[in-house]
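In: Starting from these lines, generate the structure:
(chains A and B)
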Amino acid sequence: MSSDYDVSDDEGEYYEYDDEDEEMVDVEDGSASEIEVDGFGNDFKVGARSDRKIYEVEFTALSQPEVERIMQADIDHISSIFGVEPPTAALLLRHMIWNKEKLIEKYMDNASAVAVAAGVELPPPPKPSSSKAPAPGPQRNSRRSPSAPKSPKGKRASPPAEEPASDVCPICFDDSQTAFLSLLCDHKFCATCWKEYIVSKVRTEAECTVACMGEGCNVAAPDPFVDRALGDDRETWARYQELLVRQFVGCIPHLKFCPYPSCTYTVSCPSAATKSSLAQIVPIVTCGASNTHVFCFGCPIDADHRPVVCAVARMWMKKCQDDSETANWIKSNTKECSKCMSTIEKNGGCNHMTCKKCKYEFCWVCMGPWSEHGTSWYSCNRYDEKASVDARDAQTKSRASLERYLHYYNRWANHEQSAKLSMELYTKTEKKMEEMQVTSELTWIQVQFMKKALDVVHKCRMTLKWTYAMAYYLALGNEKELFEDNQRARPLTCRASRDLERAVEELSELIEAPIDPETIMTLRQKVTDKTVSTAPTHPTPSSPADAVARTQVYVQKRNEIMLEDTAKGYLEGRWSWNMPVEGFDTDSD
Amino acid sequence: MDARLRRVNKEIADCKNDKSSKITIDLVDDSPFHLIGGFDGPEDTPYEGGRFQVDIAIPDNYPFQPVKMKFITKVYHPNVSSASGAICLDILKDAWSPVLTLKSTLISLQSLLCSPEPRDPQDAEVAKHYMTSKSSFEDTARYWTSVYAGGPGGGKNAAGKAGKAAERDEIAMAGLDRAHVAQFEALGFERAKVVRIRCFPAPV
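Out: Numbering: from 1, shown residues only, chains lettered A, B, ... in the order given. Have a look, this model is predicted:
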């Protein structure tokens, strides 16, 4: 599956606009290092049909069977190197948390130690053997690593050996049980207990490592044994297999499970496997199950948080969730009564305060008792004392920081809210599309542009939303100014200014406008005007569908440029933050 | 018959038949899944002579899930919470095996009293005491045994058993923090009274 889940497939029927841009493409995309640093000169540089954009990461979506195949390949590989049966190889790999290199290294170093630790072989001091002679078993022992010291029992096969009931199962004491199973350690328990034990492990503990039930026995049950012990309980067997896949995915750094509920897909993203890479890229991926399963490979945020890197996005989320800002508000807007410590907000009136609770009279300015102010009522002459000045400074600072935060937070929340509303808009738009088919001569395919436009609006709103989080943390400097210019409208550099925000609002408005034949005409005119003014060279649109589509494509371009520029910024180390961010400290040096 | 019930009944019966180990398992009410176990403090330890009671709860998945145990009798031991009686022992967690029984688990508790594991403590204060001064720790453990578990010596004279340290400070004996007691003393309480009240939160 390709990583190209972007919007480019939407553009088939409105191609004129693109073609024009294509002519400007002079840099092959993906060669990030060669792209100009200049943020304004390279509008529309990247063609819509390119394989991968600079702000996207390469990834593959895998279904559970596909992951199982990868697991199996690893198992077969180890199995052939070590000359052990695949179930044994699987246990060895699981023991070494699927670190193949480490397993090979350790196994070559001391095969039996690894085998004992993984529970595929008995510990060297042989246990007193039971009544049985080394059992007839199995093919696999001959292929065990020759260096491994073998106890008589060690020769036994790991697949279950069924025994005639010689005594009572030491777990259930049920003398009616006849079927006994044991692992290579020969600790025999009845089949019912084995089954209940495995079900309890798998279902209750979500554990996929099943060790022998014997006290202090570390011998692990290989998959065929589990399969056989579970018998007809296929549900638990399926759960067991799922747990194995989850364990595998959890151990491999370049794999991540789709976090959407009950989704079983896995995404492989080798470029984002290391922590340091997360300072340079924002690995947004989708799983194969659905296009709506968009999540970040690098952090637990289940949404597209481009263009902000994971560490900054996390800081922002935490800040928004924390009560710290409430505390900030209290700090900047209230004072405590110096007698009863009640929190007081002064929302008007003079400085002569009387605490509502304890009736203490004091001066709001110096917080001293009012009685000491004597005749200088209403103009505290203690105002200029150093302590008061310091307190005032602290308060101003706190207020400024709060205002700054609120500035960004309000815009962030606004886009989030709008994005939520645009989901509701989908249903409305569908209705409108039907309406359009009736009122105009457009076909069903032709009215699809409405829905596509809405997709674009939604996507862009997400980008915009996160740019505010980014702006909040960006250090004051050229980068920040450039960034904010990018984001908002700036008439002087109209075309190059990437007024994504304004464009999104306009497109959003166009979609929501009521549709009737007359409005279509005015709407078309409006859109044409706007599009002409911003991109004066392109031909006049021929239909309202084109009009919206043009705006949509335009917005899309803005969004792409926005993302590209920020992505490049990360690669070039252009962004610096106003507080320490994970992964950036070392980079900037 | 339910496998869990059969197994627990058998375990209780086995324990009744075995008189030599002096381990008892008694029903709390009609249910065989809530029990009280009892065993003697091991010899040559500060717990010698005491009788220790353990609350036993049998989980639904027993014996595939470990049994839940905690001390009812107060025990001064690094791996037992001096406040709640919670026990830090591997076989009650990951090292549990369905082969283990109530009796064998109680025997394990008994041997836990013999060999404390202060590097993996349940009660950090007690563990610190054990690490810094083992003899003082043993005095306190003995004192607690005599007070809570009906051990020999009785009351404050238990210190006599420690031999050379007959005049041991009663604060350390009670396992209390010296600064803590000093705080109460500063408030005008008699030291002996403070120690006694802190030691006997409820009538014993």
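
In: So which residues of the stretch 251-400 of chain A form helices?
Out: A:310-321, A:324-333, A:386-439 (DSSP state H, counting those that start in this stretch).

In: how's chain B carved up into domains?
Out: Domain assignment for chain B by automatic domain parsing gives B:3-114, B:124-199.

In: Turn those domains into CSV, including distance to A:S262, mean pLDDT and mean neighbour count.
Out: Backbone N, C-alpha and C define where each C-beta goes, glycine included. Converted to CSV, those look like this (distance: least, Cβ to Cβ, whole Å; pLDDT from 0 to 100; neighbours: other Cβ atoms under 10 Å in any protein chain shown):
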stretch, distance to A:S262, mean pLDDT, mean neighbour count
domain B:3-114, 25, 89, 18
domain B:124-199, 42, 69, 17
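
In: how about the ones you listed, which one is nearest chain A?
Out: Between chain A and these, the shortest gap by Cβ to the nearest Cβ is with domain B:3-114, which sits at 3.9 Å.

In: ok, the closest one near chain A or not?
Out: Yes - contact of domain B:3-114 with chain A (Cβ under 8 Å from any Cβ of the partner chain) involves B:3, B:6-7, B:10, B:61, B:63-65, B:95, B:97-100.

In: Pass me the low-pLDDT residue ranges in the stretch 351-500 of chain A, would you?
Out: A:351, A:372-392, A:395, A:441-442, A:446, A:477-500 (pLDDT under 70).

In: Please identify the helix or strand for B:E117.
Out: According to DSSP states H and E, B:E117 maps onto no helix or strand at all.

In: What count of nearby residues applies to it?
Out: By other Cβ atoms under 10 Å in any protein chain shown, 16 other residues sit near B:E117.

In: Could you do A:R228 as well?
Out: 16.

In: and the helix or strand where it lies, which residues are buried?
Out: Using DSSP H and E, A:R228 maps to helix A:223-230. By neighbour count with 16 or more other Cβ atoms under 10 Å in any protein chain shown, helix A:223-230 contains the buried residues A:223, A:225-230.

In: And chain A, what are its domain boundaries?
Out: Taken from automatic domain parsing, chain A resolves into A:62-250, A:251-321, A:337-384, A:405-588.

In: measure the residue positioned nearest the centre of chain B to B:L109 for me?
Out: Centroid-nearest residue in chain B, with Cα atoms, centre = their mean: B:V75, separated by 3.4 Å. Separation of B:V75 from B:L109 (Cβ to Cβ, to the nearest Å) stands at 10 Å.

In: list the residues that contact both of these two?
Out: Counting by Cβ atoms under 8 Å, 6 or more residues apart in numbering or on different chains, the contacts common to B:V75 and B:L109 are B:F52.

In: B:S97 contacts A:N218, doesn't it?
Out: No - the pair B:S97 and A:N218 does not pass the contact test of Cβ atoms under 8 Å, sitting 10.7 Å apart.

In: thinking A:K275 is in contact with A:F584, fair?
Out: No - using Cβ under 8 Å, A:K275 is not in contact with A:F584; the gap is 11.8 Å.

In: What parts of chain A come near chain B?
Out: Applying Cβ under 8 Å from any Cβ, one finds that chain A approaches chain B through A:170-174, A:187, A:189, A:192-193, A:196-197, A:200-201, A:204, A:213-217.

In: quick one, strands of chain B?
Out: For chain B, the strands defined by DSSP state E cover B:24-27, B:34-40, B:51-57, B:68-71.

In: other SSEs contacting the last one?
Out: Contacts defined by 3 or more Cβ pairs under 8 Å, 6 or more residues apart in numbering or on different chains; DSSP states H and E place strand B:68-71 against strand B:51-57.

In: Tell me which other helices or strands the helix holding A:R228 touches.
Out: Against helix A:223-230 (3+ Cβ pairs under 8 Å, 6+ apart) you get helix A:86-95, strand A:180-181, helix A:191-199, helix A:234-251.

In: Taking helix A:234-251 as reference, get the angle to the first one.
Out: In this case it means helix A:86-95. Put simply, helix A:86-95 runs at 50 degrees to helix A:234-251, going by axes from the mean of the first three to the mean of the last three Cα atoms, to 10 degrees.

In: and if you look at the third one?
Out: Put simply, helix A:191-199 runs at 40 degrees to helix A:234-251, going by the same axes, to 10 degrees.

In: which helices and strands does helix A:191-199 pack with?
Out: Using 3+ Cβ pairs under 8 Å, 6+ apart, helix A:191-199 is in contact with strand A:180-181, helix A:223-230, helix A:234-251, helix B:3-17.

In: what about 6 Å?
Out: Contact here means 3 or more Cβ pairs under 6 Å, 6 or more residues apart in numbering or on different chains; DSSP states H and E; on that basis helix A:191-199 packs against helix A:223-230.
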